[in-house]
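Undergrad: return a 3D structure for these sequence lines:
(chains A and B)
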Amino acid sequence: MRALALAALLLLALGLPARAVEPGERLADPALEARARAISRELRCLVCQNESIDDSGADLAHDLRVMLRERLREGDSDQQAISFITARYGQFVLLKPPVEPATYALWFGPPALLALTALVVALRLKRRGAQTPPAPLSEEERRRLARLLSEGG
Amino acid sequence: MGEARLVSPPSQPSPSRGEGRAGALQQRWIYFLPVALFLVLAAYFALALRPGRDPSLLPSAMIDQPAPEFDLGGLDGKAGLARGTLNGQVALVNFFASWCVPCRTEQPLLMRLAEQEHVPLYGIAWKDKPADTAHYLDQLGDPYRRVGLDESGRTGIDFGVYGVPETYLIDRGGHIRFRYVGPLTPEALQRELLPRLKALGAS
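TA: Numbers count the residues shown, from 1 in each chain, chains lettered A, B, ... in the order given. Alright, predicted model coming up:
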């Protein structure tokens, strides 16, 4: 059984997507390479739009990865390197959109909707609670309850 | 339960009746909330799914920006293309490649555009081998005043190209005014490109 589970895990691991970064692209400096990886995971591949350039095997993604590493090697900060790409391809390349007036609806819309729904539900529940106060138990019910409780105990 | 309360008997004392009616009114708008939400969502989907909208088309970040600097070599025995070549004229810069199938479909249109409309049309061969570019232009005709070879694709990336063909309209001041993604069609030419060329005073 354990062997089977292990085999299944191994199969799962084999099925994980292979990283697209080619060995030749990597920078010699591991710290710089780590920064490049982190940034490229946040940038959208323009060809296959739901992949990051870190994951994508597209030619353009390769070029952008190489350019990104060039910028970092020349001493760009992370922000400068990202601006270099967004200046050419726009905010759309950012997989995580920045918080700015144009994206307020995107960022605050769902929480606002949730809050509104919660408010409406709370109001409804409160009103229903107020409208139907539970009637006190009758003498008969009280006796039955006592009987049931003593039976259970 | 709530409905039962709405038709409360008239024998009830009047203050509580008034309360009940106000409460019912207050409650009723809540029933319209889902409808309102649905309408908002429906409008949003209609906008996103309206016919003719291609979700893969991206707005260019380069509109109204100065065209990037470039200085590209040309094909054998021909002059290349540099940013300076475009100075002082309204020009079209068309990114193409021999390996790009849609480019072949727009090539006859580009030929017509260059011959009949006398539009200064320049070509940049994006990520293509020079020999292949030369063969392609021999085969399909060469509508370009000049062709620059962008083998590395760097100039394309500076323009914000994400696939070929793409066509950029550059004004006299060297600013990018319009970008067309994908192969040009006669309709797109008539509707989108020629009016803009005219507005910029292309000769």
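Undergrad: how about the strands of chain B, start to end?
TA: B:71-72, B:81-82, B:91-96, B:121-126, B:146-150, B:166-170, B:176-181 (DSSP state E).
Undergrad: contacting residues around the last one?
TA: Right, the one you point to is strand B:176-181. B:57-58, B:60, B:62-67, B:159-160, B:162-163, B:166-171, B:188, B:192-193, B:196, B:200 (Cβ atoms under 8 Å, 6 or more residues apart in numbering or on different chains). In short, each C-beta sits where N, CA and C put it, glycine included.
Undergrad: do the same with the second one
TA: Surrounding strand B:81-82, the residues in contact under the criterion Cβ under 8 Å, 6+ apart are B:70, B:71, B:72, B:74, B:122, B:123, B:124, B:146, B:147, B:148.
Undergrad: note down every partner strand of that strand and its orientation.
TA: strand B:71-72 (antiparallel) (DSSP bridges).
Undergrad: quick one: average pLDDT of the strand it pairs with?
TA: Mean pLDDT, taken over the full extent of strand B:71-72, equals 96.
Undergrad: SS state for residue A:27?
TA: Here residue A:27 is recorded as coil under DSSP: H, G, I helix; E, B strand; the rest coil.
Undergrad: if I look at it, how far off is residue B:141?
TA: With distances taken as Cβ to Cβ, to the nearest Å, residue A:27 is found 44 Å from residue B:141.
Undergrad: check which element follows the lowest-mean-pLDDT helix or strand in chain A along the chain.
TA: Counting by mean pLDDT, DSSP states H and E, chain A has its least confident helix or strand at helix A:2-15, which shows a mean of 68. Per DSSP states H and E, the first helix or strand lying C-terminal to helix A:2-15 is helix A:30-41.
Undergrad: which strands and helices sit next to that next one?
TA: With contacts defined as 3 or more Cβ pairs under 8 Å, 6 or more residues apart in numbering or on different chains; DSSP states H and E, helix A:30-41 has these neighbours: helix A:59-73, helix A:78-89.
Undergrad: determine the three-state secondary structure at residue A:48.
TA: Taking three-state DSSP, the label given to residue A:48 is coil.
Undergrad: count the neighbours of residue B:189 for me.
TA: Counted with other Cβ atoms under 10 Å in any protein chain shown, the neighbours of residue B:189 add up to 20.
Undergrad: same list, the strands of chain B, but as CSV with mean neighbour count please.
TA: Listed next are the strands of chain B as CSV, based on neighbours: other Cβ atoms under 10 Å in any protein chain shown:
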stretch, mean neighbour count
strand B:71-72, 16
strand B:81-82, 20
strand B:91-96, 26
strand B:121-126, 25
strand B:146-150, 23
strand B:166-170, 23
strand B:176-181, 20
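Undergrad: surely residue B:97 meets residue B:130?
TA: No. Applying Cβ atoms under 8 Å, one finds residue B:97 not in contact with residue B:130, separated by 11.6 Å.
Undergrad: so for the two, which residue has more residues nearby?
TA: In this view residue B:97 and residue B:130 are compared by other Cβ under 10 Å, and residue B:97 has more residues nearby, 22 against 16.
Undergrad: can you give me the pLDDT of the residue lying closest to residue B:104 once chain neighbours are set aside?
TA: What sits nearest to residue B:104 in space, not counting adjacent residues and going by Cβ to Cβ, 6 or more residues apart in numbering or on different chains, is residue B:140, at 6.4 Å. At residue B:140, the pLDDT value in this model is 93.
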